[in-house]
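Novice: No sequence on hand, only this structure:
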C-alpha cells in the first residue's frame, strides 16, 4: 500500500506541474486579431505544429514568462501549421515555430525557431515598453 501511495503522489505532482505550465492561447481568427489590434494589445501570433519539438520548447518558455510576469497582459493567437495554410501564407511563416509579435497593428518582431528564454522575454518587454509609450 505504501508503494501505491507514493506512486499516486508522484502522479499528482506531475499532473500539477504540467497544468502549472499550461499556456492559455486562442485559435487565430482575423476578427479577434483585428479586435486586439484596435485595442492596442500586445499580440503574439504563434505558428505551431503539435509534432514540433521546437514549438514545444517555445510553449515552455512562454508559459514560464507568463508565470513570472502575471501583470503583463499579452494574447497568444495560434495558427496551426498543418491545418491553417491560409494564415501560414498570410503571415509568411517559412515553417512551424514562427513567432510574430505585434503591438496594436504594428509588427515588432518576427522569429523562426527562437527558443532562448532571454531573447523571447526581451522582445516581449520591448513590446510592452512600446505599448506603454503610445
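Specialist: Good, I have the coordinates. Small disclaimer: the values here were computed from a predicted structure and weren't measured. Numbers count the residues shown, from 1 in each chain.

Novice: Low-confidence ranges, the chain, go.
Specialist: Within the chain, the segments meeting pLDDT under 70 span 1-22.

Novice: now with 50?
Specialist: In the predicted model, the chain carries pLDDT under 50 at residues 1, 4, 6-21.

Novice: Which parts of it are helices?
Specialist: With DSSP state H as the definition, the chain shows helices at residue ranges 2-20, 30-39, 53-68, 85-90, 117-133.

Novice: Can you tell me which of those is nearest to residue 47?
Specialist: helix 85-90 (6.1 Å; Cβ to Cβ). Where you see a C-beta, it was placed from the backbone N, CA and C, and this is true even at glycine.

Novice: Could I get the contacting residues of residue 72?
Specialist: 42, 66, 124, 128 (Cβ atoms under 8 Å, 6 or more residues apart in numbering).

Novice: Greatest separation within these: which pair is it?
Specialist: Maximum pairwise distance in those, criterion Cβ to Cβ, is 12.6 Å, between 66 and 128.

Novice: what residues are shared contacts of these two?
Specialist: Listed contacts common to residue 66 and residue 128 are 72, 74; contacts here mean Cβ under 8 Å, 6+ apart.

Novice: Many thanks, we can stop here.
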